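>>> no FASTA, just this:
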């Protein structure tokens with residue numbers, strides 16, 4: 001008999017900036033400051049948008065905890081009692097999102113997740129995966145294969161994580177479907193970026209590389225609930 005899907009949703013946030021910006025070679029002090037403030041900014045954004053009203057539990061994995069092993073155990077644990085949505089707020093490569101000190105959520109990580117689901121027979125209730133990581137569209141099908149309801153992905157390098165991310169969360173939390181929220185937020189960010197870039201060919205190319213796609217069940221909506229924020 002198939003395990004019933006839980007009636008509650010929880011949120012896991014995989015958060016690591018690594019002090020990097022594009023391909024710039026930043027001084028160590030500036031790199032550490034960028035890492036600290038970008039991660040603090042992400043937490044502040046979740047608080048200001050009232051994420052705790054929409055997920056019954058929020059678990060943030062950052063710095064040393066932003067590691068594939070930690071994410072694996074967290075997703076497995078939470079998904080036994082709730083549908084686990086995932087925000088991946090990191091840099092990325094074609095192989096996968098990059099966590100603490102470059103640890104990668106690559107195909108090996110996804111294979112381990114699949115092994116838990118199939119090999120060990122544990123219920124794995126994955127919800128929607130939203131990522132700002134560069135090249136994340138490469139893994140969309142793999143996330144769906146391990147049971148994710150829906151996933152977005154960036155086709156190339158993502159130069160528009162802000163304002164796309166908060167626009168998406170605000171729309172999803174207000175009742176839009178996952179697909180509607182992801183695509184509408186991206187189109188709004190594209191409009192603003194094109195308006196600011198004018199005819200600058202470098203930025204126009206970066207904007208084009210930042211295009212997103214959505215795969216899986218685009219009709220997923222959030223349910224209201226109370227959450228306890230965990231660290």
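Nice, I can see it. The shown structure was predicted, so the numbers you read here are calculated from the model rather than taken from an experiment.
>>> quick one: the strands in this protein?
Remark: strands assigned in the chain by DSSP state E are 9-16, 57-62, 83-93, 96-98, 104-105, 126-131, 150-154, 212-216, 228-230.
>>> wait, which of the ones you listed is closest to residue 194?
Closest to residue 194 of the strands of the chain, according to C-beta to C-beta: strand 212-216, at 15.1 Å. In short, each C-beta sits where N, CA and C put it, glycine included.
>>> Tell me where the model's unsure across this structure.
Low-confidence regions of the chain, defined by pLDDT under 70, span residues 1-5, 18-31, 33-37, 120, 223-231.
>>> Please tell me how far stretch 164-182 is from the chain's geometric centre.
Distance of stretch 164-182 from the chain centroid (C-alpha atoms, centre = their mean, to the nearest Å) equals 13 Å.
>>> burial of residue 150, as a residue count?
By other C-beta atoms under 10 Å, 24 other residues sit near residue 150.
>>> Run through the residues that contact the closest residue to it other than its chain neighbours.
Excluding its sequence neighbours, the residue lying closest to residue 150 (C-beta to C-beta, 6 or more residues apart in numbering) is residue 216, at 3.6 Å. Applying C-beta atoms under 8 Å, 6 or more residues apart in numbering to residue 216 gives the contacts 128, 140, 143, 144, 148, 149, 150, 151.
>>> and what of residue 167?
Residues near residue 167 by C-beta under 8 Å, 6+ apart: 184, 185, 188, 189.
>>> Okay, buried residues for stretch 152-164 please.
Neighbour-count burial for stretch 152-164 flags 152, 153, 154, 155, 157, 158, 159, 160, 161, 164 (criterion: 16 or more other C-beta atoms under 10 Å).
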